[in-house]
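Asker: I would like to see how this sequence folds:
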Amino acid sequence: MKLLPAIKFILIFLLFSRMSCEDNFPEPPFSIGSKSEFRINQLYSSSDGNYTFVIHEIGDSRCPEGVVCVWQGEISIKGEWTEGKTKSEVDLHSVLKDLQKMPDGIDIQIINAKPYPKFGTESKPEDLVVTLLIQKK
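Answerer: Okay, here's the model as predicted:
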């Protein structure tokens, strides 16, 4: 009979120990020269292992469905690009291209962001999936 409380203790211990572990594994790799999908606050590695990319901020000012707007709005992204031990600030804009900052030798284009905003629906940056095309210059 003393075996049952011990098993319960072990199961509860394993449950709580698993809940406290953070997954620090990189997301699926992206390939230079191909479109890839990214989310905020996720670490991504290139398929060749030479680069990493993380998005820290996503701004979505696109005109929501069901609204008439004067300006179409845009997607903006701030993040960090790493090549070896060199880190570079990334600042991307889908419309205002003059404001962009990219790593030397790399060109990053915003292709799409889903879901598209809808009037009356609140969206969070965590909900967005951004498609980027990353190429060497």
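Asker: read off the pLDDT value for Gly49.
Answerer: Per-residue pLDDT puts Gly49 at 88.
Asker: could you give me the average pLDDT of stretch 128-137?
Answerer: Mean per-residue pLDDT for stretch 128-137: 93.
Asker: give the burial count for Leu132, as a bare number.
Answerer: 23 (other C-beta atoms under 10 Å). C-betas here are computed from N, CA, C, even on glycine.
Asker: so which strand or helix has it?
Answerer: strand 129-136 (DSSP states H and E).
Asker: helices or strands up against that strand?
Answerer: Applying 3 or more C-beta pairs under 8 Å, 6 or more residues apart in numbering; DSSP states H and E, we find strand 129-136 packed against strand 35-38, strand 51-60, strand 106-114.
Asker: so what's the residue most central in space within the chain up against?
Answerer: Per C-alpha atoms, centre = their mean, the C-alpha nearest to the average position across the chain is that of Arg39, at 2.3 Å. Taking C-beta atoms under 8 Å, 6 or more residues apart in numbering, we find Arg39 in contact with 27, 55, 126, 128-130.
Asker: quick check, nearest of these to Cys69?
Answerer: Leu128 (18.8 Å; C-beta to C-beta).
Asker: can you get me a residue count around that closest one?
Answerer: By other C-beta under 10 Å, the residues close to Leu128 number 21.
Asker: now Asp91
Answerer: The burial count for Asp91: 13, using other C-beta under 10 Å.
Asker: and the residue lying closest to it once chain neighbours are set aside, how far from Phe30?
Answerer: Ranked by C-beta to C-beta, 6 or more residues apart in numbering and with sequence neighbours excluded, the top spatial neighbour of Asp91 is Lys101, at 4.1 Å. Here the criterion is C-beta to C-beta, to the nearest Å. By it, Lys101 lies 19 Å from Phe30.
Asker: higher neighbour count, these two?
Answerer: Phe30 (22 against 12).
Asker: surely the more buried one and Ile134 touch.
Answerer: Yes. Here Phe30 reaches Ile134: they are 6.4 Å apart, a contact under C-beta atoms under 8 Å.
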